[in-house]
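In: the following comprises the amino acid sequence and a computationally predicted model.
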Amino acid sequence: MARTPVQGFVAHALAASSLALVAGTAHAQSLPYGDPGDSEAISGGDSAPSGNDMGRGGSGRSDAGRSGGKQRGGRSIGSAGGTGRLKIQPYIELSQSVLARLEPVHDVLTYSSVAVGVDASLAGRRTEGAVSVRYERRFAESGNIVSNDTISGLARVRHDLIPRELTIEAGGLATRTRFDPSGASRLGLVQTGDRVAQVYSLYAGPAVSTHVGDLAVKGSYLVGYTKVNTPRLTATGLPPGQPQPQGDIFNHSIAQSAQVSAGFAPGTVLPVGLTASGAYNQEDIQNLDQRVRELRAGLQATLPLNSELALIGDIGWQHVQVSSRDAVRTADGTPVIGSDGRYVTDTSKPRQIAYDVTGLTWDVGVMWRPSRRTSLSAFVGHRYDSMTYYGSLSYTPNARNALKVDVFDAVSGFGSTIGNAVRGLPTDFTTNRNPFSGDITGCAAGAQSGGCINGALGSIASAAFRTRGVSASYNHTAGKLRMGLGAGYIRRKFIGAQGTVLEAANGRTDQTFYVNGQISGPIDRTTAFTVAVYDSWYKSGVSSLADVNSIGATAGVSHQFTRRLIGNAAVGIDSLNRKVFADDLIATGQVGLRYNF
């Protein structure tokens, strides 16, 4: 049967609007519970990073190369898909850094670093993705700094096992962040001191999409694992042998999501389209054996008004439950702290219910898709026993501009939030790294879209929460200059069971605001520059005395001496403002050499 323009629009609309049926946001496949945006509709899978992109992402070190002119080094071969290119760029980097603490005390630290890494991208007919992985060893030289090593990276890969029918995708993140006992964390600062957490997150799963006559059938499954490693803090004023409490800091979790739907488009069987769906989401958090579980079933109706605009309504049933166990307690009721600084779970006691909502849900909204480059969805409804609002906007009027905005609402844990943030990034991303720590900065951009993970990393508290917020990214190319801006807001309302140590967190609300900006480009054929700024605010739900503001900027220059040898230099300034503790002000400088194999 030939498709009319209206049916063509609805086919796109149904693919994106399955959010209203299963996850409450804009992914047909997502880790629980809700996903900030449908990146797949605008991920720009036809192209891979060019390899000389200095400006898409973060602060001072592009993973795609350090040249503002022609690509140097690396290996490019034909892809397995028959079209497209596979590009692999291994490298080694040596650097010397100096760090000057200007507040609250004056101190100068120096260290040298050796790093090895690989950046790869693939844009093929059946496979697309990008991977950036780096290992760095830091050698302390002078001042109050310790030698350490770290692995950082970002990956997103998608492969069509059967074109347009069976797809498998995988992704991951490794980065470091500073944290407080409350769980507040932040990217961007030079990572020194005791309270630095290493975050790892991986996910993978298949998705199937097929037709049985006019009936469209879809199914998907995702599993994700997230781990946060924190140092063992030196005990302060505690009895010998007693570990220093870390606070409510996430340890690790496993998240699973399974979804299935079947429906037909308007004009095939009935004038309106109907789709029935079901979903199962669960995250098991190691801390106090927490569990977040969501079951949902729904029926969605789609009414096209014209070839560009459709009205969508959904009614369904939802069951959401959050539960946990208490900590082991001493005879006087004091919670027992384990050797890692986290509470020891009392598995002998029954599980306590912290949040339990069962009942009908509804959503109504509109989808507008006037062209392949513009898509807007906006929904209002009733979920989680209250009103909910969510939607997304993608606008790529040409190859020089890309805007993406997502509004989301979900109940989840830290692991699911990180997994969804990574999955919301484009598969053809290009990232930049902090020149002083080597860590991936908060935002990444692709040919037609971008995204940020800053908001998801705004808190590493273990307690489950309901999160609402908005994230936005904008990328612009003006000649050889590349500019990017990312911003967002996240509000977390934590959930803890009565009679457990998490009761103190129940109902607590914290908020995170962030802004990232960068500009980069060539100075001449062999020299390029990058300038980046960031600002983030954390507002505590306990007391305004725990509020934190971090702000900083970096500037870097790279020069290509030979085809493979690149020199770089960078300076930076970081400030951390707190109400109770003394403010920090840190200036940094670095010179280094990078060799591309």
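Out: Perfect, thanks for sending it.
In: hey, where'd the helices end up in the protein?
Out: With DSSP state H, the ranges of helices along the chain come out as 5-17, 19-22, 414-423.
In: comparing those, which yields the minimum mean pLDDT?
Out: For the helices of the chain, mean pLDDT drops lowest on helix 19-22, to a mean of 36.
In: once you drop chain neighbours, what's closest to the spatially most central residue of the chain?
Out: Against the mean C-alpha coordinate of the chain, by Cα atoms, centre = their mean, the closest residue is residue 421 at 2.8 Å. Computed as Cβ to Cβ, 6 or more residues apart in numbering, the closest residue to residue 421 that is not its neighbour in sequence is residue 456, at 3.8 Å. No exception for glycine: its C-beta is placed from N, CA and C like everyone else's.
In: contacts only, for that neighbour.
Out: Contacts for residue 456 (Cβ atoms under 8 Å, 6 or more residues apart in numbering) come out as 417, 418, 420, 421, 490.
In: need the pLDDT of the last one.
Out: The predicted local distance difference test score for residue 490 is 93.
In: what's the burial count for it?
Out: Residues lying near residue 490 (other Cβ atoms under 10 Å) number 24.
In: the second one now?
Out: Per other Cβ under 10 Å, the neighbour tally for residue 418 reads 29.
In: give me the distance between it and residue 283.
Out: 11 Å (Cβ to Cβ, to the nearest Å).
In: can you map out the strands along the stretch 251-400 of the chain?
Out: Counting by DSSP state E, counting those that start in this stretch, the stretch 251-400 of the chain has strands at residues 252-264, 273-285, 290-304, 309-324, 352-371, 374-383, 386-398.
In: can you redo those as CSV with mean neighbour count?
Out: Converted to CSV, the strands of the stretch 251-400 of the chain look like this (neighbours: other Cβ atoms under 10 Å):
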stretch, mean neighbour count
strand 252-264, 21
strand 273-285, 21
strand 290-304, 21
strand 309-324, 20
strand 352-371, 17
strand 374-383, 20
strand 386-398, 18
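In: could you dump these into TSV with mean pLDDT and distance to residue 179 added?
Out: As requested, these are exported to TSV (pLDDT from 0 to 100; distance: least, Cβ to Cβ, whole Å):
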stretch	mean pLDDT	distance to residue 179
strand 252-264	96	15
strand 273-285	96	17
strand 290-304	96	19
strand 309-324	96	21
strand 352-371	95	23
strand 374-383	95	31
strand 386-398	93	28
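In: what pLDDT does residue 143 get?
Out: 80.
In: try residue 198
Out: At residue 198, the model reports a pLDDT of 89.
In: that one contacts residue 174, correct?
Out: Yes - between residue 198 and residue 174 there is a contact at 7.4 Å, judged by Cβ atoms under 8 Å.
In: between these two, which contacts overlap?
Out: Joint contacts of residue 198 and residue 174 (Cβ under 8 Å, 6+ apart) are residue 151.
In: hang on, the earlier thing: format the contacts of residue 456 as a markdown table; extra columns: distance to residue 342.
Out: Formatted as a markdown table, these follow (distance: Cβ to Cβ, whole Å):
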| residue | distance to residue 342 |
| --- | --- |
| 417 | 19 |
| 418 | 18 |
| 420 | 24 |
| 421 | 23 |
| 490 | 24 |
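In: just give me the closest of those residues to residue 557.
Out: Residue 557 lies nearest to residue 421 out of these, by Cβ to Cβ, at 30.9 Å.
In: roughly how far does the closest one sit from residue 509?
Out: 20 Å.
In: same thing with residue 99?
Out: 35 Å.
In: which of these two has more neighbours?
Out: Neighbours per residue (other Cβ under 10 Å) separate residue 99 from residue 509, with residue 99 holding more: 21 against 14.
In: ok, now which ones touch the more buried one?
Out: Applying Cβ under 8 Å, 6+ apart to residue 99 gives the contacts 108, 109, 110, 111, 143, 145, 190, 192, 436, 586, 587, 588.
In: ok, so of those, who is nearest residue 131?
Out: Out of the contacts of residue 99, the member with the shortest distance to residue 131 (by Cβ to Cβ) is residue 436, at 23.0 Å.
In: which residues touch that closest one?
Out: Residue 436 makes contacts with 97, 99, 190, 554, 570, 572, 588, 590, as judged by Cβ under 8 Å, 6+ apart.
In: out of these, which is most surrounded?
Out: residue 554 (28 neighbours).
In: where does pLDDT dip in the chain?
Out: The chain contains residues with pLDDT under 70 at 1-84, 182, 188-194, 232-247, 447-448.
In: residue at max distance from the center of it?
Out: Within the chain, the residue lying farthest from the chain centre (Cα atoms, centre = their mean) is residue 331, at 42.4 Å.
In: Provide the backbone phi and psi angles at that residue.
Out: phi -60, psi -30 (degrees, to the nearest 10).
In: the one 10 residues further on now?
Out: Here the main-chain torsion angles of residue 341 (degrees, to the nearest 10) amount to phi 90, psi 0.
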